[in-house]
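Colleague: A structural model of the following input is requested.
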Amino acid sequence: MPTTKLSKIKFKEIEFDLDSFKNKGYLTHNFHSFPAKFVPQIPKIVIEKLSIPGSVVMDPFCGSGTTLVEAKLSGRHSIGIDINPISLLISKAKTTVLTNSQFLKIDKILEKIQKDFKDCEIKNPKKYITIPVIYNLDLWFQKNVQIELGIIKKNIDAEKDTKIRNFLLTGFSAIINPMSNQISDTKYASIDKNIATNDTITKFVMKIIGMKQRLNEFSKLAQDVSCKIHNCSTVSIKPVNDEQVD
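Modeller: Alright, predicted model coming up:
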């Protein structure tokens, strides 16, 4: 990959429109909550000011992939590194364009999940669910929520297409906290939320439908550039040893 000439613009000369920061959940940016999330306008402006189309941008702590999304929208190749496996999952889902046939397959999976839920209510639940053994599971998840999450997870695990599976797992991860008894993303305490039967299935289906619409919009604007994401510690720079970063 050819190197490009760095811009002579100094970072202190870059100005931000703070009013634009209000709209920080556009396109795929709202796929998943994440602590200390980047306001997307910050990497967007910095990338556009300090690089040119076709150059390579690296985010050594890519988190939920905000910089990677903006790099792809700006026509820059990108490399993301993060030691958190959830970061890898979310970043891939937010930057990977899916085909119409893949979207249709997702629709069929959503239909299967809803059918399995109905069948589970009147037949043998064990046939339709896979509930992991987790310490204090009943403290953090209602029984009905456990069953519905189990149905969703079993159907996701059955999907062989990695891109589709990553997309669905990101949506699944995004609803875990709201459907649990945990008070919030950042407060580690349990309360009784009285989550009704079928709410978890509905929440997941609506989340995936919304993600599909946003990814479709993103795919129309995303440039044909590479986006490589590595799940490792940034102190190990082996993934980028053979690549030039602008």
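Colleague: part of a strand, is residue 229?
Modeller: Yes. Using DSSP: H, G, I helix; E, B strand; the rest coil, the assignment for residue 229 is a strand.
Colleague: tell me where the model's unsure across the protein.
Modeller: Applying pLDDT under 70 to the chain flags the ranges 1-12, 124-125, 237-243.
Colleague: the most centrally placed residue in it and residue 52, how far apart?
Modeller: By CA atoms, centre = their mean, the mean C-alpha position of the chain lies nearest to residue 90, the distance being 2.7 Å. Between residue 90 and residue 52 the computed distance is 28 Å (CB to CB, to the nearest Å). All C-beta spots, glycine's among them, are computed from the backbone N, C-alpha and C.
Colleague: sorry, back to before: who's in contact with the residue nearest to the centre of the chain?
Modeller: 31, 32, 34, 64, 65, 170, 173 (CB atoms under 8 Å, 6 or more residues apart in numbering).
Colleague: residue 245 too?
Modeller: Contacts of residue 245 (CB under 8 Å, 6+ apart): 56, 57, 58, 79.
Colleague: helix/strand/coil for it?
Modeller: coil.
Colleague: can you pick the most crowded of the contacts of residue 245?
Modeller: Neighbour count (other CB atoms under 10 Å) singles out residue 57 as the most crowded of the contacts of residue 245, with 24 neighbours.
Colleague: in this structure it contacts residue 76, no?
Modeller: Yes. Counting by CB atoms under 8 Å, residue 57 does reach residue 76; the two are 4.9 Å apart.
Colleague: quick check: neighbours shared by those two?
Modeller: 47, 51.
Colleague: among the contacts of residue 245, name the ones in strands.
Modeller: 56, 57, 58, 79 (DSSP state E).
Colleague: please state the offset of stretch 196-204 from the chain centre?
Modeller: Averaged C-alpha coordinates place stretch 196-204 at 20 Å from its chain's average position (CA atoms, centre = their mean, to the nearest Å).
Colleague: contacting residues around it?
Modeller: 113-114, 117, 144-145, 148-149, 151-152, 171-172, 175, 178-179.
Colleague: what comes up buried for it?
Modeller: 199, 200, 201, 203, 204 (16 or more other CB atoms under 10 Å).
Colleague: then stretch 105-120?
Modeller: 106, 109, 110, 113, 114, 116, 117, 120.
Colleague: nearest to residue 100 among the residues you listed?
Modeller: Distances from residue 100 to those, taken as CB to CB, are shortest for residue 106 (10.6 Å).
Colleague: which residues touch that closest one?
Modeller: 98, 164, 167, 168, 208, 212.
Colleague: re earlier: so which of the buried residues of stretch 105-120 are in strands?
Modeller: Going by DSSP E, the strands hold none of these.
Colleague: can you put the residues you listed in JSON lines and add distance to residue 39?
Modeller: Output for the buried residues of stretch 105-120, formatted as JSON lines (distance: CB to CB, whole Å):
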{"residue": "106", "distance to residue 39": "29"}
{"residue": "109", "distance to residue 39": "33"}
{"residue": "110", "distance to residue 39": "32"}
{"residue": "113", "distance to residue 39": "34"}
{"residue": "114", "distance to residue 39": "36"}
{"residue": "116", "distance to residue 39": "39"}
{"residue": "117", "distance to residue 39": "38"}
{"residue": "120", "distance to residue 39": "42"}
